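Novice: I'll drop the sequence and a predicted model, then ask my questions.
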Amino acid sequence: MRTIVSRTCFVALIAAAFGTQVSVSAQAPATGPEAFVSSAVGGNARGRVSLLAAAQQAVAQQAPAAQQPAPATDGRPVRRLTADDAVKLAVENNLGIQISRLDPQIEDLNIAAARGAWAPAFSTQIQNNSIQRPSANIFTGSQEANFKQDNFTSNFGITQNLPWGGVYDVGWDNSRVTSNNQGNLWKPQLNSTLAFNYQQSLLRGWSIDNTRQQLWVSEKNREIADVGLRQTLVSTTRTVRNAYWNLAYAVASLAVQQQSLELAQESLRNTRSRVEIGTTPPIDIVEAESEVAAREEAVIVAQAQIATAEDTLRALVFDPSMPDFWNVRIEPTELPPFQPTNVDVDGAVRNALDRRTDLAQTKRSMEASEINIRFFRNQTLPDVQGNVNYGLAALGGTRLPNQFDPLSIQKSYGSVLRDLFGLNSPSWTASLNITYPIGTSQADANLARTRLQYSQSQTRLKNQQLQVATQVRQQARNVQTNQQRVQSTRASRQLAERRLEAEQRKFQAGTSTSFLVFQAQRDLSQARNNELRAILDYNQSVVDFETVQEVPIGAGGGGVTATTVSTLTQGPVQ
């Protein structure tokens, strides 16, 4: 009866993993637990039942009340999670994802900084200057002992670099000068000037300049940051799912080890009974006790593995600042399901070549290199600058009578402005400046270097594409291999169950030994673990097969991960 209960517990455990409704009876040996396990493992539904809870429920239905296990009362808070729940929590709380989310924002600020070079700059200055010094010569024009002059100025200006390679600046200067210099005709003297300057690059810097190069490369870095964020999300999703399945496997493996321990304890009780009635030598008790001790050790190791897997998962999905971060117990509500699938290798390779993040990042880097090539090619052209200057000036104040004009004139500041904006005293200048290097310039060397780097990137991209195809094909083989392993380990587990049942019957009939019974129990425990391990490996290989079509996994990816393209400038090559 005890053996049937243990098998029923394992049946419930496997059935819970695949969402199969469990309804077994210890009094129905005609169907047999082996047949039921085979049908349960082949199911396609995904359960939402606690693994240990399902096992405990099955035992509680079959065992007497005195043998029912007590529920866990360690007082720790419990968080029950599905695999999808774990992924959602990771997207919200994972520190790696939070770090990657900042990369696009940083690149946005780099773009804003590059655009800032085109922002107009306004300047103003207000100054009052007073000078008094002894009259040392006749050129001061003052009959007083000290030469005196007060100068109040107010200047306003605006300058801006334009996106097409031009730059302009406008300046408006005003001053009021009072002096005891006899040579000055205006006392006080009001001055106002307005100047406009424009400079335009006609060859070098016309289609692209340093500012536009930095902006366009920053935009490519922004695209790379977006791809890097998607890579982090997909990679973290894979890591979380695998960590979840590892925890679920550790929980299921503990249940298997506990069942194996129960079988050993049952055999120890039977051995002691046989020794008491004299049908078995006392030495067999030592062997039975040794077997129980070994399986207790296996249970302890399995419990430690659960704690390790639990810590790995909690670090991926929970917020470290949450209360009881290290104390909350994670309870997976599903085992890795076994759903056989057909693998389209060629379609997966094509999908990977279109969607892989490392390939996308390399392509964006090559586009940035094309921008650098365009920039340095433009820098090899002669520097032709067109300049236009236009200015206006006006004068006012109080003009004293003199030998040439005995009349005194009063011109207010308003009259000065009317003269200024009335274009009464214009002046202009137009010029064309040409500069070109002789021999090999720095831009020529930078252009040649950038072209070689671009050619290198083209070869690197081909190498990455080859590696991507190789990785996808390898992961496809892993899926197919693990699928066959599940079928093989399932058959092995069924045979191990039949062998144990046969050895127990032979032992009861006196035609077998306790050593062979213990060996059959160990083989069954190992077979059950192998089947769970194969199912876990199969599901993880499916996750890896889906992930490898999006992002590189493991070593040898040869990809560019969260790469930021540096802006090449006109400075010397380091």
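Specialist: Perfect, I can see it now.

Novice: Where do the strands of the stretch 251-400 of the chain begin and end?
Specialist: 329-332, 383-399 (DSSP state E, counting those that start in this stretch).

Novice: Compare those and report which one is nearest to residue 149.
Specialist: Relative to residue 149, the nearest member of the strands of the stretch 251-400 of the chain by CB to CB is strand 383-399, separated by 13.9 Å. Yep, even glycine has a C-beta here, placed from its N, CA and C like the rest.

Novice: Quick one: name whatever helix or strand follows that closest one.
Specialist: Moving toward the C-terminus from strand 383-399, the next helix or strand (DSSP states H and E) is strand 409-411.

Novice: Counting by contacts, list what that next one packs against.
Specialist: Judged by 3 or more CB pairs under 8 Å, 6 or more residues apart in numbering; DSSP states H and E, the packing partners of strand 409-411 are strand 383-399.

Novice: So in that sheet, which strands flank the helix or strand harbouring residue 174, and in what orientation?
Specialist: Under the assignment given by DSSP H and E, the secondary-structure element containing residue 174 is strand 166-179. Paired neighbours of strand 166-179 in the sheet (DSSP bridges): strand 146-161 (antiparallel), strand 186-201 (antiparallel).

Novice: coming back round to it: okay, the strands of the stretch 251-400 of the chain, which one's buried deepest?
Specialist: Each of these was assessed for mean neighbour count using mean count of other CB atoms under 10 Å. The highest is strand 329-332, with a mean of 21.

Novice: if we can go back for a sec, can you tell which of the strands of the stretch 251-400 of the chain is closest to residue 475?
Specialist: Proximity of these to residue 475 was assessed by CB to CB; the nearest stretch is strand 329-332, lying at 24.2 Å.

Novice: avg pLDDT for that closest one?
Specialist: Mean pLDDT, computed over strand 329-332, is 90.

Novice: How far away from the center of its chain is that strand?
Specialist: 26 Å (CA atoms, centre = their mean, to the nearest Å).

Novice: what's that strand packed up against?
Specialist: Strand 329-332 makes packing contacts with strand 78-81, helix 210-277, helix 283-317 when contacts are defined by 3+ CB pairs under 8 Å, 6+ apart.

Novice: The last one versus helix 210-277: what angle between them?
Specialist: What it means is helix 283-317. With axes from the mean of the first three to the mean of the last three CA atoms, to 10 degrees applied, the angle from helix 283-317 to helix 210-277 works out at 160 degrees.

Novice: Save the helices and strands packed on strand 329-332 as a markdown table, and put in mean neighbour count, mean pLDDT and distance to residue 424 too.
Specialist: Converted to a markdown table, the helices and strands packed on strand 329-332 look like this (neighbours: other CB atoms under 10 Å; pLDDT from 0 to 100; distance: least, CB to CB, whole Å):
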| stretch | mean neighbour count | mean pLDDT | distance to residue 424 |
| --- | --- | --- | --- |
| strand 78-81 | 15 | 89 | 84 |
| helix 210-277 | 21 | 90 | 38 |
| helix 283-317 | 17 | 90 | 77 |
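
Novice: so which of these gets nearest residue 350?
Specialist: For the helices and strands packed on strand 329-332, distance to residue 350 was read as CB to CB. The smallest value, 18.1 Å, belongs to helix 210-277.

Novice: quick revisit: let me know which of the helices and strands packed on strand 329-332 is the nearest to residue 93.
Specialist: Closest approach to residue 93 among these is made by helix 283-317 (6.3 Å; CB to CB).

Novice: Report the distance from that closest one to the chain centre.
Specialist: Chain-centre distance of helix 283-317: 36 Å, with CA atoms, centre = their mean.

Novice: again with stretch 538-545
Specialist: Counting by CA atoms, centre = their mean, stretch 538-545 comes out at 21 Å from the chain centroid.

Novice: How about exporting it as PDB, limited to the C-alpha atoms?
Specialist: What follows is stretch 538-545 as a C-alpha-only set of coordinates in PDB (Å, rounded to 0.1, in the frame of the first residue of the first chain):
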ATOM      1  CA  TYR A 538      13.900  20.400 -24.000                       C
ATOM      2  CA  ASN A 539      12.000  23.500 -22.800                       C
ATOM      3  CA  GLN A 540      15.200  25.400 -22.300                       C
ATOM      4  CA  SER A 541      16.300  24.500 -25.800                       C
ATOM      5  CA  VAL A 542      13.000  25.700 -27.200                       C
ATOM      6  CA  VAL A 543      13.500  29.000 -25.300                       C
ATOM      7  CA  ASP A 544      17.000  29.200 -26.700                       C
ATOM      8  CA  PHE A 545      15.900  28.400 -30.200                       C
END
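
Novice: Can you list the buried residues in that stretch?
Specialist: Counting neighbours by 16 or more other CB atoms under 10 Å, one finds that the buried residues in stretch 538-545 are 538, 539, 540, 541, 542, 543, 544, 545.

Novice: show me what contacts residue 492?
Specialist: Applying CB atoms under 8 Å, 6 or more residues apart in numbering to residue 492 gives the contacts 527, 530, 531.

Novice: top of these by neighbour count?
Specialist: Of all these, residue 531 has the most neighbours under the rule other CB atoms under 10 Å, reaching 27 neighbours.

Novice: Was I right to think that residue contacts residue 488?
Specialist: No: counting by CB atoms under 8 Å, no contact exists between residue 531 and residue 488, whose distance comes to 9.2 Å.

Novice: and the gap between the nearest residue to residue 280 once chain neighbours are set aside and residue 502?
Specialist: Nearest residue to residue 280 in three dimensions, chain neighbours excluded: residue 274, at 3.6 Å (CB to CB, 6 or more residues apart in numbering). Computed with CB to CB, to the nearest Å, the distance linking residue 274 and residue 502 is 19 Å.

Novice: now residue 250
Specialist: Distance, residue 250 to residue 502, by CB to CB: 31 Å.
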